[in-house]
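Trainee: Pasting a predicted model and its sequence here:
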Amino acid sequence: MIEQLIVLTLITGGVYSLLAIGFSLIFGNARVINMAHTAFFMLAAYGLWYFMRRLGLDAVWAIVITLPAVTLVGILAYRFLINPIREHHAAVLLMTVAIAMAFQEAMTGIFGNDYWAIPALIPGFTDILGVSVLNQHLLTLGIVAVVIVAVWLILAKTKLGIALRATAQDAEVANLMGISVPRTLMITMGMATGLAAVAALAVAPLWTIYPAMWTPPLVMVLVIVVLGGLGSIRGAIIGAFIISLVEVSVTLFMPSYSYLKVVFAIVAMVVVLIVRPGGLFGVLFEEERL
Amino acid sequence: MFRRLFKDFRFSVLPVPGRIIAIVFFVVLFAFPLITDRSYYLYIFTISNLLVIFAVSWDLLSGYSGQVNFGHALFFGVSAYSVALLNKYFGLQPWLTIPIGTLVATGIGVATCIPALRLRGPYLSLLTMAFPFILLGLVMAFKGVTGGEFGITGLPRLAETPVARYYICLIVMAVSVLIMWKLTDAGSRYIRTGLIFHAIREDEIAARASGINTIRYKILAFAIGGFFAGLAGALYAHILGTVGVSSLSMVMSFRAIIYVVFGGIVSIYGAVVGVYVLQTLLQILGVGGTTWVGQNQILIMAIIVILVLLFMPEGVAVWIRDKIERECPRCKLTNVAWRKECRACGASLYTEKKAVSH
C-alpha cells in the first residue's frame, strides 16, 4: 500500500507539476492568470492524436509538428488577445476563459463531442517496489525531471533567465535596464504554452481526449498554484506533490468516495491559505498590497 | 403625490435617454405576455430574469465592493440543491423552500468570508473559483442522496401557468434589482453601503483609516451577494423542476461574469443588458439548438466576449451610455449628449474634456 502510494504520488505529482510550472511562470512574469493554460494542453493532445491517428504519422513527427504549433498559438493569443488588456486581472481571467471555451468549442466543431485515445509512446510495464508501472508513467517522470532541470538552468544560468527574473521582480526597472519587457513576456508565454504541450505529450496517452478535458486538471492546477504561492516555481512543484499525495491517498484509502479528492485538495489549500495567505512560497508584491 | 411623480417624470426621466430606455424596457417586459403567449418565449424570458438577479448580485459583490468572486455558482447551486433536497425528502412546498434555500445561500456567503477575508486580488479569485468544486465533489460522492450527475427531478412548479411563472419572476427580478441598485448607489443620502463598497474597492486601507469597519462591510457584501444569487437559484430550481450539477459548474460562475462584463461592470443596467443580449437574444435566435446559432452558442458567446474585452473594455451598455448621455461638468446633472449646454445650470457641456474614469 505504501509503495503504491509513493509511486502513484510521484507520477501524478509529476504531471501536475509540469502543468503548474507553466501556469506559475506566466503569472510570475506577466501577472496573467492564464485559465487557458490547460486548454493549450488540450490542443496539444488533440494535435498529437490527429497527427498520429488520423494522418498516421510517426510519433516523433507528431511531436515535432505539435509542440511548435501549440507554442505559436499561445504566443499569438498572448500578443493579440491578452497583451492589450494585461493591466486588469479580472478582464484577463475572463479573456483566457473565453479563449479556452473557444478552443473547446472549436475542437467540438471539428472533431465532434467524442472520446479518443492515443497509444503509449513507450508501451509495456515495469515492476518497481512491487507496483507494476506503465512505461509511459516512467517516461512522464523522466520528462518532468528533464523539464524541471531545464527550466532551472534557463532561469538561473542564461541571460534570458536573468531577464525573465528581472521582469518578474520589477517590470519597470527591468525596462530601464534595457530589457525588452514585451519580448520577455512573449517568450515567457511561449515557454508556458510549450510546457503545457510537453505535459500533453507525457499525459495524452494516459488520459482520454475529449473537448472538455481541460477543466479537471485546471482545477487541480489552480489549487496547486495557490497553495504553493502564485508565481513561485518551487511552490508549484512542491504544491503539486502535496496535492497529488492528498489525491492519491483519497483514491487509495476511500475508493468509493474518489470524487472527494477535489474536496480534500481544496480543503488542504484553504488550510494552507488560512495559515499563510500568500501560499507556501508566495511573494507579496508591493503594488498588490491591497 | 401624483403631481410630484409627474414632475419627477417630466424633469428627471424625459430629458435623459438612458432612463427612458429603462422605463420602456420594463413596460415592455410587463406587457410582454400580451404580445405573445408562446410558452417558449415566456420560458426564455423567465430564465433571463433569474439570470439578471444572479448577474447583478455578482456585480454587487465583485464589481462594486471589489471582492472578485469567480465561484458565484456556489451560492446559486447551494440554494438550488437545498431547495430540491428539502422538497424531495421533507415534502416542503415552494413558498417554504425558497426562503430556506435563500437563507442557506446567505449563510454560505458569510462562511466563504472565513478564508476570503484574508485574501485579495488574484488569490481571492482563484480561491472562490475552487469553492463550487467542493460542493460538486460532495454531490458526486453521495449519489444516493443527490442523484449524482443526473440531479434531482420532479420538483413542483412555482405556479400553474407559464404566464403566472413569468410574472412572479419578473416582479422578483424588478424588486431585487431595485434593492441592489439602492444598496450600491454611492450618491444616496440614506444608505451608506454604496459609498462604503466603493471605498473598499478603491482603497481598503484608506477606508479603514476613515473609521469604516471594512471587515463588517465585506461580510455584508458577501451576504447580500449570496442572498440574491441564492434567491435566483431557488426560483430557478422551481421553474425548471430539476436541479443538476450544471447549476454548480464553472460555466455557471462564468456566465454571471460574462453577462456583467459584456454589459459593463460596476453598473446595474450593464448586467441587465448583458443577460438580455447574450442570453435572451441568443436563445431566441438559437430556437433550442436547431439553427446554426443554437448549435454554436458557446463559441459565439466566447468570441463576443473576446471582442468586447478588446474593443469596449468598459462594456457595451456603458459605451452606448457615454455616446448618448453627458454629465454636466459643473452640476453633475446627466444630459443628452447632443445638447450644447446643461439643461439645469446652463454651463457649456463641452468646454473641458471629461476626465477618463479608471
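Mentor: Perfect, thanks for sending it.
Trainee: For burial, what's the neighbour tally of residue B:39?
Mentor: 14 (other C-beta atoms under 10 Å in any protein chain shown). C-betas here are computed from N, CA, C, even on glycine.
Trainee: For the stretch 1-150 of chain B, what lies in contact range of chain A?
Mentor: Residues of the stretch 1-150 of chain B that fall close to chain A, judged by C-beta under 8 Å from any C-beta of the partner chain: B:62, B:68, B:70, B:114-115, B:118-123, B:125-127, B:129-131, B:133-134, B:136-138, B:140-141.
Trainee: ok, residues contacting stretch A:25-33?
Mentor: Contact partners of stretch A:25-33, identified using C-beta atoms under 8 Å, 6 or more residues apart in numbering or on different chains, comprise A:34, A:37, A:78, A:82, A:86, A:89, A:92-93, A:96, A:151, A:164, A:167-168, A:184-185, A:188-189, A:191-192, A:195, A:225, A:230-233, B:122, B:125-126.
Trainee: how about the CA coordinates for it, as CSV?
Mentor: Only the C-alpha atoms of stretch A:25-33 are listed here, as CSV (Å, rounded to 0.1, in the frame of the first residue of the first chain):
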residue,chain,number,x,y,z
LEU,A,25,5.8,31.1,-14.9
ILE,A,26,3.4,33.2,-16.8
PHE,A,27,1.7,34.5,-13.7
GLY,A,28,5.1,35.3,-12.1
ASN,A,29,6.3,37.3,-15.1
ALA,A,30,3.3,38.8,-16.7
ARG,A,31,0.8,38.8,-13.8
VAL,A,32,-1.5,36.9,-16.2
ILE,A,33,-3.7,34.2,-14.7
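Trainee: Any buried residues in that stretch, and which?
Mentor: Buried residues in stretch A:25-33, counted by 16 or more other C-beta atoms under 10 Å in any protein chain shown: A:25-33.
Trainee: Stretch A:61-79 too?
Mentor: Buried, per 16+ other C-beta under 10 Å, within stretch A:61-79: A:62-63, A:65-67, A:70-71, A:73-75, A:77-78.
Trainee: try stretch B:114-122
Mentor: Judged by neighbour count (16+ other C-beta under 10 Å), stretch B:114-122 contains these buried residues: B:115-122.
Trainee: Would you mind putting the buried residues of stretch A:25-33 into TSV with distance to residue B:268, pLDDT and secondary structure alongside?
Mentor: Formatted as TSV, the buried residues of stretch A:25-33 follow (distance: C-beta to C-beta, whole Å; pLDDT from 0 to 100; DSSP: H, G, I helix; E, B strand; the rest coil):
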residue	distance to residue B:268	pLDDT	secondary structure
A:25	39	89	helix
A:26	34	88	helix
A:27	32	87	helix
A:28	36	84	helix
A:29	37	84	helix
A:30	33	82	helix
A:31	29	82	coil
A:32	29	85	coil
A:33	27	86	coil
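Trainee: which of the residues you listed lies closest to chain B?
Mentor: Chain B has its nearest neighbour among the buried residues of stretch A:25-33 in residue A:33, at 5.5 Å by C-beta to the nearest C-beta.
Trainee: how about that closest one, phi and psi?
Mentor: Main-chain dihedrals, residue A:33, degrees, to the nearest 10: phi -90, psi 100.
Trainee: ok so, going back, among the buried residues of stretch B:114-122, which are in helices?
Mentor: Among the buried residues of stretch B:114-122, the ones falling in helices (DSSP state H) are B:115-116, B:122.
Trainee: Turn those into JSON lines, columns for pLDDT and distance to residue B:349.
Mentor: As requested, these are exported to JSON lines (pLDDT from 0 to 100; distance: C-beta to C-beta, whole Å):
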{"residue": "B:115", "pLDDT": "82", "distance to residue B:349": "48"}
{"residue": "B:116", "pLDDT": "83", "distance to residue B:349": "43"}
{"residue": "B:122", "pLDDT": "78", "distance to residue B:349": "40"}
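Trainee: For the residues you listed, give me a markdown table that also has distance to residue A:101.
Mentor: What follows is these, written out as a markdown table (distance: C-beta to C-beta, whole Å):
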| residue | distance to residue A:101 |
| --- | --- |
| B:115 | 28 |
| B:116 | 26 |
| B:122 | 20 |
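Trainee: Among those residues, which one sits closest to residue A:122?
Mentor: Checking those against residue A:122 by C-beta to C-beta gives residue B:122 as the nearest, at 38.5 Å.
Trainee: I figured the closest one was touching residue A:92, is that so?
Mentor: No. In this structure, residue B:122 is not within contact of residue A:92 by C-beta atoms under 8 Å, at 9.6 Å.
Trainee: between the buried residues of stretch A:61-79, which is closest to chain B?
Mentor: Comparing the buried residues of stretch A:61-79 against chain B with C-beta to the nearest C-beta places residue A:77 closest, at 9.8 Å.
Trainee: Roughly how far does residue B:296 sit from residue B:307?
Mentor: 15 Å (C-beta to C-beta, to the nearest Å).
Trainee: actually residue A:28, not the one I wrote
Mentor: Residue A:28 is 29 Å from residue B:307, where distance means C-beta to C-beta.
Trainee: Show only the entries of the buried residues of stretch A:61-79 found in strands.
Mentor: Among the buried residues of stretch A:61-79, DSSP state E puts none in strands.
Trainee: Look at the residue nearest the centre of chain B and give its secondary structure.
Mentor: In chain B, the C-alpha nearest the mean C-alpha coordinate belongs to residue B:56, at 1.8 Å (C-alpha atoms, centre = their mean). Under DSSP: H, G, I helix; E, B strand; the rest coil, residue B:56 falls in the helix class.
Trainee: which one is it nearest to, not counting chain neighbours?
Mentor: Nearest non-adjacent residue to residue B:56, counting by C-beta to C-beta, 6 or more residues apart in numbering or on different chains: residue B:271, 4.6 Å away.
Trainee: just residue A:151 next, same as before
Mentor: residue A:21 (6.2 Å).
Trainee: now swap in residue B:54 and tell me
Mentor: residue B:232 (4.2 Å).
Trainee: From residue B:105, how far out is that neighbour?
Mentor: Distance of residue B:232 to residue B:105, computed by C-beta to C-beta: 9 Å.
Trainee: list the contacts for residue A:50?
Mentor: Per C-beta under 8 Å, 6+ apart, neighbours of residue A:50: residue A:111.
Trainee: Longest helix in chain B, by number of residues?
Mentor: Assignment by DSSP H gives helix B:214-240 as the longest helix of chain B.
Trainee: other SSEs contacting whichever helix or strand comes after that one?
Mentor: Downstream of helix B:214-240, the first helix or strand assigned by DSSP states H and E is helix B:250-263. Identification of packing neighbours for helix B:250-263 by 3 or more C-beta pairs under 8 Å, 6 or more residues apart in numbering or on different chains; DSSP states H and E yields helix A:89-111, helix B:39-58, helix B:73-90, helix B:122-141, helix B:268-274, helix B:297-311, helix B:316-324.
Trainee: ok, back up a step: of residue B:296 and residue B:307, who's got more company?
Mentor: Comparing residue B:296 with residue B:307 by other C-beta under 10 Å, the one with more neighbours is residue B:296, at 19 against 12.
Trainee: and the more buried one, backbone torsions?
Mentor: For residue B:296, the backbone dihedrals are phi -110, psi 30 (criterion: degrees, to the nearest 10).
Trainee: Likewise for residue A:116?
Mentor: Taking degrees, to the nearest 10 as the convention, residue A:116 sits at phi -130, psi 160.
Trainee: what sits opposite it in the beta ladder?
Mentor: On the basis of DSSP bridges, residue A:116 is bridged to residue A:209.
Trainee: I figured it hits residue A:54, correct?
Mentor: No. If you go by C-beta under 8 Å, residue A:116 and residue A:54 don't touch, sitting 9.6 Å apart.
Trainee: Between these two, point out the one with more neighbours.
Mentor: Neighbours were counted for residue A:116 and for residue A:54 using other C-beta under 10 Å; residue A:116 has more, 17 against 10.
Trainee: and the residues of the stretch 1-150 of chain B next to chain A, which are buried?
Mentor: Buried subset of these (neighbour count, 16+ other C-beta under 10 Å): B:62, B:68, B:70, B:115, B:118-123, B:125-127, B:129-131, B:133-134, B:136-138, B:140-141.
Trainee: Report whether the least confident helix or strand in chain B by mean pLDDT contacts chain A.
Mentor: Least confident element among the helices and strands of chain B, by mean pLDDT, DSSP states H and E: helix B:292-295 (a mean of 71). No. Using C-beta under 8 Å from any C-beta, helix B:292-295 never reaches chain A; the gap is at least 8.6 Å.
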